[in-house]
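In: Let's see this in three dimensions:
(one chain, ligands or ions: 1)
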Amino acid sequence: MAQKPKLYYFNGRGKMESVRWLLGAAGVEFDEEFLETKEQYNKLIEVGSLLFQQVPMVEMDGMKIVQTRAILNYIAAKYNLYGKDMKDRLFIDMYVEGTTDLMLAVIPLPFQQGDAKAKQIDLIKNRAVNRYFPVYEKVCKIFVLFMLYRCNLKL
Ligand SMILES: N[C@@H](CCC(=O)N[C@@H](CS)C(=O)NCC(=O)O)C(=O)O
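Out: Numbers count the residues shown, from 1 in each chain. Now for the predicted structure:
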C-alpha cells in the first residue's frame, strides 16, 4: 500500500488548510507533523527538505513538495479533481486565485492592532460579502443543479 502523504506545517489552518480539504475531498488519509519549535523548522531546512525554506511542505510519492499552488495542482491532477479539459482548469484556477486574494487580506490580521486591525476586518468583510462569496455561491448553485440533472432528479 502507498504511504500516506505527510503534511508539515504549523499547528494552524493557514496555507495548509486548502491542502487538507483537497486531500479530504479526494478521500486520501494523511499524517501531519506540526512544527511547534524553531528547532523542528530549522531541522527541515538543514536537511534540505524545504526548497525555499518555507512551509507548507507535503511529503508524497517520494517527493517533498512545496508552494501551496503546486501542491494543490499535483493532488488535484493525481486524484482527477482538476477538470476534464483546459477550460475547466482555467475556471478552477480563477476560483482558486480568488480565495488566495481573500486569504492574503486575512493573513496580516494576527499582527495588527487597534484601528488598523478594525479597518482590515471591515475590508475583509466587505470583500468577502460583495466580491468573493457571490461568485462561489453562483458556481455552487450551478454545480448542485448539474448534479441533480445528472442524477435525473427534479427540484
Ligand atoms: N508561496 C509560498 C509561500 C509560503 C509561505 O509564505 N510560508 C510561510 C508560512 S505560511 C513561511 O514558511 N514563512 C517563513 C519564511 O518565509 O521564511 C506558498 O504559497 O506556499
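In: show me what contacts the spatially most central residue of the chain?
Out: The residue lying closest to the centre of the chain (CA atoms, centre = their mean) is S18, at 2.2 Å. S18 sits next to 68, 72, 99 when contact means CB atoms under 8 Å, 6 or more residues apart in numbering. No exception for glycine: its C-beta is placed from N, CA and C like everyone else's.
In: where does this structure come near the ligand, residue by residue?
Out: With the criterion set to CB under 6 Å from any ligand atom, the chain comes near the ligand through 14-15, 53-56, 67-68.
In: among those, which are in strands?
Out: When DSSP state E defines the strands, the subset of the residues of the chain next to the ligand inside them is empty.
In: if we can go back for a sec, would you mind checking the contacts of S18 for buried ones?
Out: For the contacts of S18, a burial check counting by 16 or more other CB atoms under 10 Å picks out 68, 72.
In: least confident pick among the contacts of S18?
Out: Minimum pLDDT across the contacts of S18 is recorded for T99, with 91.
In: Which strands or helices does the longest helix that the chain contains pack on?
Out: Scanning the chain for the helix with the most residues, using DSSP state H, yields helix 86-106. Here helix 86-106 touches helix 68-78, helix 114-127, helix 133-150, going by 3 or more CB pairs under 8 Å, 6 or more residues apart in numbering; DSSP states H and E.
In: hey, which of these is tucked in deepest?
Out: Among the helices and strands packed on helix 86-106, ranked by average contacts under mean count of other CB atoms under 10 Å, first place goes to helix 68-78 (a mean of 18).
In: mind saving the C-alpha coords of that helix as CSV?
Out: Extracted as CSV, the C-alpha positions of helix 68-78 are listed here (Å, rounded to 0.1, in the frame of the first residue of the first chain):
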residue,chain,number,x,y,z
THR,A,68,0.8,25.7,-2.0
ARG,A,69,-0.5,26.1,-5.6
ALA,A,70,2.0,23.4,-6.8
ILE,A,71,0.9,21.1,-4.0
LEU,A,72,-2.8,21.6,-4.8
ASN,A,73,-2.3,21.2,-8.6
TYR,A,74,-0.4,18.0,-8.1
ILE,A,75,-3.0,16.5,-5.7
ALA,A,76,-6.0,17.7,-7.9
ALA,A,77,-4.4,16.3,-11.1
LYS,A,78,-3.5,13.0,-9.4
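In: For the helix or strand harbouring the residue nearest to the centre of the chain, buried residues please.
Out: Assigned by DSSP states H and E, S18 belongs to helix 17-26. Neighbour-count burial for helix 17-26, with 16+ other CB under 10 Å as criterion, is recorded at 18-19, 22-23.
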